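Colleague: Structure of the sequence below:
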Amino acid sequence: MVDKELLSRKISQLREYLTALRDARDINWEKYEEDIRARAFVERYLQLSIEKIIDIGNHFISFHSWREPYGYRDIFQILHENGIIPKEYLKTFQNMASFQNLLVHRYERTDNEVVFGLFKKRLDDFDLFISLIKDWVRKSN
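Modeller: Numbering: from 1, shown residues only. Modelled structure (predicted):
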């Protein structure tokens, strides 16, 4: 079984990032577009949140000696193959991995509407990930 204490710390960190994002109610579309600090805050905390679910996924893969992922998107495929992520949610998490690369490497100018949309409408996806992880751990005991 995975290191429950380590997993608990990782989930707590993820929840802290999500709380910070949810507490930023003052960041509306106008402020996001005009205020570089607001944009940087949202981008950075989304990035940290995505990196944390990737980290949790890697922890599971490593601990269970599942096959080596060939990229961030593949981490979620491996979690799916091993019964953690149902098929209907696989693309959601794989898209997060792709988005994280965009945020980090800025391959092209980041689309403000996409980032803001994730900030305002997709934070529950992280809660879903936590729930899926915890359910799998509970069932495997």
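
Colleague: Counting neighbours, show which residues of stretch 29-40 come out buried.
Modeller: Buried residues in stretch 29-40, counted by 16 or more other Cβ atoms under 10 Å: 32, 38-39. In this view, the C-beta of every residue, glycine as well, is placed from N, C-alpha and C.

Colleague: roughly how far is it from the heart of the chain?
Modeller: Its chain's C-alpha centre and that of stretch 29-40 lie 22 Å apart, by Cα atoms, centre = their mean, to the nearest Å.

Colleague: do stretch 87-105 as well
Modeller: So, by Cα atoms, centre = their mean, the centroid of stretch 87-105 is 8 Å from its chain's centroid.

Colleague: What of stretch 7-19?
Modeller: The answer for stretch 7-19 is 11 Å, by Cα atoms, centre = their mean.

Colleague: how about it: buried residues?
Modeller: In stretch 7-19, counting by 16+ other Cβ under 10 Å, buried: 7, 10-11, 13-14, 17-18.

Colleague: Same check on stretch 37-55?
Modeller: 38-39, 41-43, 45-54.

Colleague: Mark which of these are part of strands, please.
Modeller: Judged by DSSP state E, strands contain none of these.

Colleague: so where's the protein shaky on pLDDT?
Modeller: Scanning the chain for pLDDT under 70 picks out 1, 105-110.
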